[in-house]
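Visitor: take this sequence and fold it.
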Amino acid sequence: PPGVEMAPLSGRWRATVVLATSAWAWLRPPSAAGFQVSSQWCGVSVAARAGSSSSSSQDEAPVPDLEACRGRTLDWVQRVVVGLKLCPWAAGTLLDKSMRIRVSPAESLEDLVGDFGQEAARLGMRSVLGQNGTTLLVAPRVEGIAEDFGAFLGLVDVMEGVLEDMELDDEVQLATFHPKYEFGDAQAGEDDVTNWTNRSPYPVVHLLRRRDVSAAIESYGDTSSIWKDNQATMRALGEGGLRRLWNEVMAAAGAGAGEAASPHG
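Guide: Numbers count the residues shown, from 1 in each chain. Down below sits the predicted model:
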């Protein structure tokens, strides 16, 4: 975004990625298992890394339709996050329309980080104006990050650094969702059914205002039971039930023009 200088990545990439605690208090620490930092990612700019992608592989892969991606993401929020009561605050953001879903057209890391900077600045401005708001930044087109959860966590680490550079780290915090999300304490690793609480159709970075998070937690009271209840919900549904629900979400794009089916439809 204008006025934001992209800093080198040196020092931004770490094997252990520490993410901020989310207002979606059911988050547990993500797993960094298998996340290895390649030397080519360290000490170079986002632009240099983005340029290393093979153009031939990008040409062969189908480009996701942005409206379809938005429809699936909205349907995931409605059917899974709200429908299964995974987050006590999500329904309210849909009702008052304070949740913004931004599906990024970016096909490179550089462009995606640029879109992230724009959304962070936008959320920071809403904070100055005293307006409510939260943003889901969806990244369906950047090659590799949907298939590699570790690489996605590394990218989120870069985004945390961008917040620091923009002096917004005291205003904005991040939560993450991913098709292959894996919690660090999942007993069965990537196959653990409780990982599904944070699995989404596409890589998603959730931008929240820190003061909204604090206010939500204070008004709710004890949030320690949320993630435990969500684990119980996932286990009760089982992998079979979750996959059936997932198939419904992935079919949501058929509603057309970015619409998603009702969570009870």
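
Visitor: show me what the top helix by length along the chain is packed against.
Guide: Scanning the chain for the helix with the most residues, using DSSP state H, yields helix 224-250. Secondary-structure packing of helix 224-250 (3 or more Cβ pairs under 8 Å, 6 or more residues apart in numbering; DSSP states H and E): helix 66-76. The way it works is simple: take the backbone N, C-alpha and C, and place the C-beta from them, glycine included.

Visitor: can you tell me what sits against the next helix or strand after the helix it packs on?
Guide: Remark: after helix 66-76, the chain's next helix or strand is helix 90-95, criterion DSSP states H and E. Helix 90-95 is contacted by residues 24, 77-78, 81-82, 98-99, 134 when judged by Cβ atoms under 8 Å, 6 or more residues apart in numbering.

Visitor: quick check: next helix or strand after helix 90-95?
Guide: Heading C-terminal from helix 90-95 (DSSP H and E), you reach strand 99-103.

Visitor: hang on, G150 in a strand?
Guide: No: with DSSP: H, G, I helix; E, B strand; the rest coil as the criterion, G150 is located in helix rather than a strand.

Visitor: next one: it from H178, what distance?
Guide: G150 is 10 Å from H178, where distance means Cβ to Cβ, to the nearest Å.

Visitor: which one of those two has more residues nearby?
Guide: Taking neighbours as other Cβ atoms under 10 Å, G150 and H178 compare with H178 leading, 24 against 20.

Visitor: quick check on P203: phi, psi?
Guide: phi -60, psi 130 (degrees, to the nearest 10).

Visitor: for D170, the count of nearby residues, please.
Guide: Neighbour tally, D170, other Cβ under 10 Å: 11.

Visitor: where does the closest residue to V142 other than its chain neighbours sit, in terms of helix or strand?
Guide: Leaving out its chain neighbours, the residue that sits closest to V142 by Cβ to Cβ, 6 or more residues apart in numbering is L112, at 5.3 Å. Assigned by DSSP H and E, L112 belongs to helix 109-128.

Visitor: helices and strands around that helix, which ones?
Guide: So helix 109-128, by 3+ Cβ pairs under 8 Å, 6+ apart, packs with helix 46-50, strand 99-103, strand 134-138, helix 149-165, strand 172-177, strand 204-209.

Visitor: tell me the mean pLDDT over it?
Guide: Helix 109-128 shows a mean pLDDT of 90.

Visitor: what angle do that helix and strand 172-177 make?
Guide: Calculated by axes from the mean of the first three to the mean of the last three Cα atoms, to 10 degrees, helix 109-128 forms an angle of 130 degrees with strand 172-177.

Visitor: thank you kindly, that will do.
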